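J.: How does the following fold in three dimensions:
(one chain, ligands or ions: 1)
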Amino acid sequence: MPRQGYLIRPENIPERAACPVVDLHNHFSGNWENLDDVVRIMDDVGVACYCDLTANTKVTWEEGGYVVRQGSFDGFMANCARRFPGRFIGFTTAGFAVPPHEPLFNDASEFADLSIEILRRHVSQGAMGLKILKDLGLVWRDSQGSLVNADDTRLSPIWDEAARLDVPVLIHQADPVGFFDPPTPDNEQYKILREYPAWSFADRARYPRHDELLARLENLISRHRRTTFLVAHGANCPEDLARLARMLDDNSNIFVDFSARLDELGRQPYSAREFMIRYADRIYFGTDMPSSRELYRFHFRFFETFDEWFAPPRPDGSFRDPRWLIHGIGLPPEVLDQLYLRNAERILNKCLT
Ligand SMILES: [Zn+2]
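T.: Predicted coordinates for the structure are as follows:
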């Protein structure tokens, strides 16, 4: 791809979103130093409310990957939610705040009981949902060394409790399909995998396949119809929107976000637009990247305009050296209203503006 093309085209970058926005997929993970800056960014671009999905954790970057440990939900409520009323909400990972190299549990039923206890406590303190990291099904093992799958029935009481408490479960399963193939130059994820080698799951002896992870996810959501699941990153199959459409058709208890996947949607703009309109009541907005004016405005440009041939962000929120360029999908105002705000309010059963 040429670094500098000669195409002349208009740039219509919105200063602010067309209507108030809820960023329902993001993370502070205990890093609350720059909150004043985040609030100024939100004010400037029209983000009414930001959800920290890992509000009870402390996340660090170690050896090329994220390591999640139990943090303080109280701290989140004191430093974020109460300091800026109405601007920040939080989910909890309950007992699932476990570093990837440690066993998720020794005793499964004790773990389920503990997770339920933490979930209840955090919900009573203001948590709006339960967040499950991609480590479930991919890396977490029990004390015997067996992988713990998303559809492991030993975890069922936790999903049932979320339904009883009337809070959604936001779950990340698998990752882009290219992460499961060898990280070679012909892999379209090569640039990303070269930068983040720990994100490669090509090792078949160690990691289940992408298809198996999605099958287990579908098992989980179809077995727990009373639980609402928010399936992050377009269920990690935005490369195959027909498959995602079937998942939505078959499971009325799920919603999806396309956080960190607009590059996937933006390279198939006609299909993506049709999809977003057809499932307008099932898709919520999220970015899952460090907040900046540029990042939010990029999202609004993609959803609101028909701008062509512009760069999507990398996972760190920067716009350098994109894998490919994308096209805006110019969604109608009523679809934007659902995507940006109404679906989040419906999912959380709460007025967020
Ligand atoms: Zn995330």
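
J.: Leaving out chain neighbours, which residue sits closest to residue 100?
T.: If the residues on either side of it in the chain are set aside, residue 100 comes closest to residue 139, at 4.6 Å by Cβ to Cβ, 6 or more residues apart in numbering. Bear in mind the C-beta positions are built from the backbone N, C-alpha and C, glycine included.

J.: what does residue 138 give?
T.: Using Cβ to Cβ, 6+ apart, the nearest residue to residue 138 is residue 207, at 6.1 Å.

J.: beta partners for residue 310?
T.: Listed by DSSP bridges, the beta-bridge partners for residue 310 are residue 326.

J.: Parallel or antiparallel, which strands does the helix or strand where residue 25 lies pair with?
T.: Taking DSSP states H and E as the criterion, the element that holds residue 25 is strand 21-26. Strand pairing for strand 21-26, using DSSP bridges, gives strand 47-52 (parallel).

J.: Report the mean confidence score over the partner strand.
T.: Taken as a whole, strand 47-52 has a mean pLDDT of 98.

J.: how far does that strand sit from the chain's center?
T.: The gap between the average C-alpha position of strand 47-52 and the chain average comes to 14 Å, counting by Cα atoms, centre = their mean, to the nearest Å.

J.: what packs against the helix or strand just after it?
T.: Following strand 47-52 in sequence order, the next helix or strand is strand 57-62 (DSSP H and E). For strand 57-62, the helices and strands in contact under the criterion 3 or more Cβ pairs under 8 Å, 6 or more residues apart in numbering; DSSP states H and E are strand 65-70.

J.: what packs against the strand it packs on?
T.: Contacts of strand 65-70 with other secondary structure elements, assessed using 3+ Cβ pairs under 8 Å, 6+ apart, are made with strand 57-62.

J.: What ranges does the stretch 201-350 of the chain have for its strands?
T.: 229-231, 254-256 (DSSP state E, counting those that start in this stretch).

J.: Just name the most buried of these.
T.: Looking across those with neighbours counted as mean count of other Cβ atoms under 10 Å, the highest average goes to strand 229-231: a mean of 26.

J.: rewinding a little: for the strands of the stretch 201-350 of the chain, please prepare CSV with the additional fields distance to residue 98 and mean pLDDT.
T.: CSV is the format used below for these (distance: least, Cβ to Cβ, whole Å; pLDDT from 0 to 100):
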stretch, distance to residue 98, mean pLDDT
strand 229-231, 21, 98
strand 254-256, 25, 98
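
J.: can I get those strands in JSON lines with distance to residue 127?
T.: Below are these laid out as JSON lines (distance: least, Cβ to Cβ, whole Å):
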{"stretch": "strand 229-231", "distance to residue 127": "14"}
{"stretch": "strand 254-256", "distance to residue 127": "18"}
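
J.: Nearest to residue 308 among those strands would be which one?
T.: Proximity of those to residue 308 was assessed by Cβ to Cβ; the nearest stretch is strand 254-256, lying at 25.3 Å.

J.: re earlier: to residue 327, which of the strands of the stretch 201-350 of the chain lies closest?
T.: For residue 327, the closest of the strands of the stretch 201-350 of the chain is strand 254-256, at 20.7 Å, according to Cβ to Cβ.

J.: The closest residue to residue 35 other than its chain neighbours in helix, strand or coil?
T.: Ranked by Cβ to Cβ, 6+ apart and with sequence neighbours excluded, the top spatial neighbour of residue 35 is residue 80, at 6.4 Å. Put simply, residue 80 is helix when judged by DSSP: H, G, I helix; E, B strand; the rest coil.

J.: Distance check, residue 80 against residue 29.
T.: Residue 80 is 11 Å from residue 29, where distance means Cβ to Cβ, to the nearest Å.
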